[in-house]
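Undergrad: here is a sequence with its predicted model. Questions after.
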Amino acid sequence: MRYAMAVDTKKCVGCSDCVVACQTENNVPIGYCRDWIVEVTDGTYPQLELEYRSERCNHCENSPCVRCCPTGASHYSDGGIVLVDHDKCIGCGACIASCPYDARYTHPKGYVDKCTFCEHRVKHGQDPACVAVCPTKCMYFGDLDDPNSDVSKVIKKRKYKTLIPEAGTNPQLYFLI
Amino acid sequence: MGKSRRDFIKISALGTAGAVVGSKYLMAQNQQLIKENPQGPWKMAEDLERTPTYCEVCFWKCAGWTYKNKDGQIQKITGNDDDPNSNGRFCPRGTGGVGMYYDEDRLKHPLIRVKDSDGNQTYKQASWDEAFDFISERLNEVIEDHGPECIALFTHGSGGTYFGNLLKALGSQNITAPSYAQCRGPREVGFITTFGEGLSSPEPTDIRDTKCMVLIGSHIGENMHNGHVQEMSDAIDKGATIITVDPRFSTAASKSKYWLPIKPSTDLALLLAWIHVLIYEERYDKKYVEQYTYGFDQLKAHVKNMTPEWAYGITTIKPQVIRETAREMANASPATIVHPGRHVTWYGDDTQRLRAVAILNALLGSWGRRGGFYIPDKAKVPGVPHPPYPTPRRTWRDAMEGKYELADLALANGVCDATIPSARFDCSIKAWIVNGTNLIETLPNRPNTLEAINNLELLVVVDTMPMEITGYADVVLPECTYLERYDSLRITQHREPTIALRMPAMKPMYESKPAWWMAKNLADRMGKGDYFPFDSIEEELDYQLKKVGLSLEEMQRIGVKKMERPYDDLYYHDGEEIEFNTNTGKIELYSTSLEEYGFDPMPKYTAHPEPPSGYYRLIYGRAPMHTFSRTANNPNLTDLMDENTVWVNPKVAKEWGLKNGQEVYLQNQDNVVSSFPIKVRVTERIRWDSVYMVHGFGHAKKQLSRAYGRGASDAQLITNIMMDPIMGGTGMRGNFVTFNFDKA
């Protein structure tokens, strides 16, 4: 099993619904977020291109954050989901420094927090909150080992890119272009 | 500061007790938010207690569920799968609607304007009984001295149903919403004069099945009109062609096959050139036009010289692009939508521009056709019987001296104007009830609004938040949020009829109360209790629901009831005989009713003033995470966006030496300077002759702790109004701003 997410940049409108849905689903305190929107404009008027990306932890197969964690708090869970065990985390911040995607933050309670792919929902067969809420239905989630999962099908059909592939982390967040 | 009869009062001055309660509450709430789930493994959404609601953060009224955690606090709000407005997916504002409930700056107690011993005006915290006594006495005085017609209601949102009922019971029809003459009114009149019916809301655009959609000044995706955003995404998936006309590279423009970066204020010339191409290249739907329309020959002659080459000189859009896009529309027809947009009060000839949009749709045969416009249906639910309403002797229309007779709804600016005493008519409006609309920000020409307010004998403001308008009120009534109340049933049009229920997830916080309760209490006190023939709203809702074979109990469980359309009439059948509700019974390409009222029967392009040197046209719009000024203080939504910026083209920025993030004041053509500075966003996404900002920011009320002084208010800078002579809409895009660095 290999959980992954694809985000269709042709449909995303950058509305931030994924951000607020994650905050309310996961009790993320106001002022912090586990996912966020990036807007990139290219060109000069009127030859322009615009890309919105809903970004979050890439749940990398080769995660520097897991490798560098001194307490084992950062770990791989079922399906390759990268999680932080809050009880084991000492808040040293090594993982924050090692993440090429800046996907982690220190929670006011002292531990490091990040996207969990909503493992608590996924376990019960539901999509992560961001995927379930998206008004443009631009996000696909599922098991890459299952050729019939939404994410497998869309990645097979469409052109995609990953972020900072040169970091060698093998990220599992795919952006359809 | 001069002592006018109505000084602007800062509501917190007296609300110290309330403020402390509020901040303590927020602290508790924050602790709640950051508390870890004590259950260890996450609880499933389904284990949480949920109650149905429909959203009040905007007018789309999506139906959904409010979930509470085991501590009895609201955890989240999500969409109801059975709701066609949301399809189970709320937009960011609906998802963040929980912030309306937890906002510690909410209005907490009824307040009455009093004078202290030094003669200064202030607010006194009052009981509900005191507030109702005060209001009913003053309203009775207005009725005795001037007549019940001198009471007006401004409303936006669900509370309007009950306050509207109160007004009609008292004998006034002066009930208005700025969502008409400051927003979608010209569109309704443009379509009514063409097809015999307007669009209403949600607009019946069949985006789901469209093959080509034209957006002209409409920025779906930044306006989060939920169903339309969702369907546009489906249409993109299916490979539909999108054509976007906008001087700004909008989000929608970035998703479009064609972006036409038009010179602002020239849209009508483009529309006429498209009509020209369809007719002279014979690409229109001949069978449809012949069977259903009136005035084709006149239209053909009218647009003869309105060629793409003619339009090029006006719009800066190349003739080849005009032709190519017209052909795209024709090739996809009838599954083509020339989208009517929503906020269309731009240049004063807006009804005519929307007429051109309607005519284009008629030529493409898209009205009543799959992938064009479907025919909406709506549930028919009887109300609780009450005595007939008295007939008012006068309305706001009498103050308009025969103008704007084609307006199908009351004009908020008309009611405002009718409040300013005049020698021309015998009675001006003396009392306003304002519910859920911040007129200081929603009506253009603020000095005019303030003059009207200064002439009132009574101003009652009902709101959840201390918006600017509350500072001018004689009485402020704290409304509870939609998460704390029942409301009238949501009965909106769609492909299939639905009914949705809103019920409280929480008890009202502080002393806040629902609008229905306020209106009923006032009616009882004023001898109009017969018009509210129920003890509680639950009783009324259950009565109504039982009339259609449902019950309150069932609706509390399901939230949304989908009903079947009684007939197979979502689209016109091929060749079906149809009588349109116009003078000729046809779709009027040539409008006989406009002609009858002395207006152009077919749209003509007129040039509008252009910005003087050093000034830029002020264009404003929406951000997906906010609804006008209503959400500007919402803690969840300000976390996503807490101020607006002014978008400036890099060429302009270079000329003025502007840097990204630099704060500037904006100054308009009438030398009005924004109260607060706004940050510059240097971006290629805006034309060099315009600047752009999101509406709803720059609040001047300190009691809005997150919104105060954040960004600038476009409404403040809109002092030049281009009136639509047909229906009285207030065109707001004829304002020009320049940069001011020291607020001289």
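TA: Sure thing, it's come through.
Undergrad: hey, let's count contacts and neighbours off CA atoms from now on
TA: Will do.
Undergrad: number of nearby residues for residue B:302?
TA: 16 (other CA atoms under 10 Å in any protein chain shown).
Undergrad: mind checking pLDDT for the nearest residue to residue B:534 once chain neighbours are set aside?
TA: Nearest non-adjacent residue to residue B:534, counting by CA to CA, 6 or more residues apart in numbering or on different chains: residue B:540, 6.0 Å away. Model confidence at residue B:540, expressed as pLDDT, equals 97.
Undergrad: so residue B:540: helix, strand or coil?
TA: Under DSSP: H, G, I helix; E, B strand; the rest coil, the three-state class of residue B:540 is helix.
Undergrad: distance of it relative to residue B:523?
TA: From residue B:540 across to residue B:523, the span is 16 Å (CA to CA, to the nearest Å).
Undergrad: excluding its backbone neighbours, what's nearest the residue of chain A found nearest chain B?
TA: The nearest approach of chain A to chain B comes at residue A:17, 4.0 Å away (CA to the nearest CA). Nearest residue to residue A:17 in three dimensions, chain neighbours excluded: residue B:92, at 4.0 Å (CA to CA, 6+ apart).
Undergrad: gap between that neighbour and residue A:24?
TA: Residue B:92 sits 11 Å away from residue A:24, going by CA to CA.
Undergrad: also residue B:273?
TA: 49 Å.
Undergrad: do residue B:518 as well
TA: For residue B:518 relative to residue A:24 (CA to CA), the value is 32 Å.
Undergrad: related to what we said a few turns ago, what sits against the residue of chain A closest to chain B?
TA: By CA atoms under 8 Å, 6 or more residues apart in numbering or on different chains, the contact set of residue A:17 is A:130, A:133-135, B:91-93, B:95, B:625.
Undergrad: and of those residues, the nearest to residue B:253?
TA: residue A:135 (18.0 Å; CA to CA).
Undergrad: so how many other residues sit close to that closest one?
TA: Using other CA under 10 Å, residue A:135 has 32 neighbouring residues.
Undergrad: ditto for the one 10 residues further on
TA: Residues lying near residue A:145 (other CA under 10 Å) number 14.
Undergrad: picking that back up, now for the contacts of residue A:17: which two are most distant?
TA: A:130 and B:625 (15.1 Å).
Undergrad: neighbour count winner among these two?
TA: Shown here are residue A:130 and residue B:625; by other CA under 10 Å, residue B:625 has more neighbours (29 against 24).
Undergrad: could you measure from the more buried one over to residue B:48?
TA: With CA to CA as the criterion, residue B:625 and residue B:48 are 26 Å apart.
Undergrad: for residue B:168, same thing?
TA: Distance from residue B:168 to residue B:48, by CA to CA: 42 Å.
Undergrad: before we move on, back to that, residue B:273 and residue A:24 - which one has more neighbours?
TA: Counted by other CA under 10 Å, residue B:273 and residue A:24 do not tie: residue B:273 has more neighbours, with 26 against 21.
Undergrad: what sits against that one?
TA: Contacts of residue B:273 (CA under 8 Å, 6+ apart): B:303, B:306-308, B:310-311, B:322.
Undergrad: nearest to residue A:82 among the residues you listed?
TA: Lowest distance from residue A:82 to the contacts of residue B:273 (CA to CA) belongs to residue B:322, with 51.8 Å.
Undergrad: the closest one should be in a helix, yeah?
TA: Yes - according to three-state DSSP, residue B:322 belongs to a helix.
Undergrad: state the number of residues packed around the spatially closest residue to it that is not a sequence neighbour.
TA: Nearest non-adjacent residue to residue B:322, counting by CA to CA, 6+ apart: residue B:308, 6.1 Å away. When neighbours are counted by other CA under 10 Å, residue B:308 registers 26.
Undergrad: show me the contacts for residue B:308.
TA: Counting by CA under 8 Å, 6+ apart, residue B:308 touches B:270, B:273-274, B:276-277, B:318-320, B:322-323.
Undergrad: which ones among the residues you listed lie within helices?
TA: B:270, B:273-274, B:276-277, B:319-320, B:322-323 (DSSP state H).
Undergrad: where along chain A do the helices fall?
TA: Remark: helices assigned in chain A by DSSP H are A:17-25, A:64-68, A:94-98, A:119-122, A:129-133, A:150-157.
Undergrad: parallel or antiparallel, list what pairs with the strand or helix carrying residue B:476.
TA: Using DSSP states H and E, residue B:476 sits within strand B:475-478. Here strand B:475-478 is paired, per DSSP bridges, with strand B:111-115 (antiparallel), strand B:458-463 (parallel).
Undergrad: how deep is residue B:328 tucked in, by neighbour count?
TA: Residue B:328, neighbours per other CA under 10 Å, totals 17.
Undergrad: oh sorry, the question was meant for residue B:540
TA: Other residues within reach of residue B:540, judged by other CA under 10 Å, total 17.
Undergrad: next: residue B:136.
TA: Residue B:136 has 18 nearby residues by other CA under 10 Å.
Undergrad: residue B:579 now?
TA: By other CA under 10 Å, 13 other residues sit near residue B:579.
Undergrad: thinking it is in contact with residue B:586, fair?
TA: Yes - the pair residue B:579 and residue B:586 passes the contact test of CA atoms under 8 Å, sitting 6.5 Å apart.
Undergrad: still on that earlier bit, how near is the residue nearest to residue B:534 to chain A?
TA: 33 Å (CA to the nearest CA, to the nearest Å).
Undergrad: hang on, that residue packs against residue B:384?
TA: Yes - look at residue B:540 against residue B:384 with CA under 8 Å: they come within range, at 6.7 Å.
Undergrad: pull the contacting residues for residue B:99.
TA: B:634-637.
Undergrad: could you do residue B:465 as well?
TA: With CA under 8 Å, 6+ apart, residue B:465 has these contacts: B:105-107, B:478, B:704.
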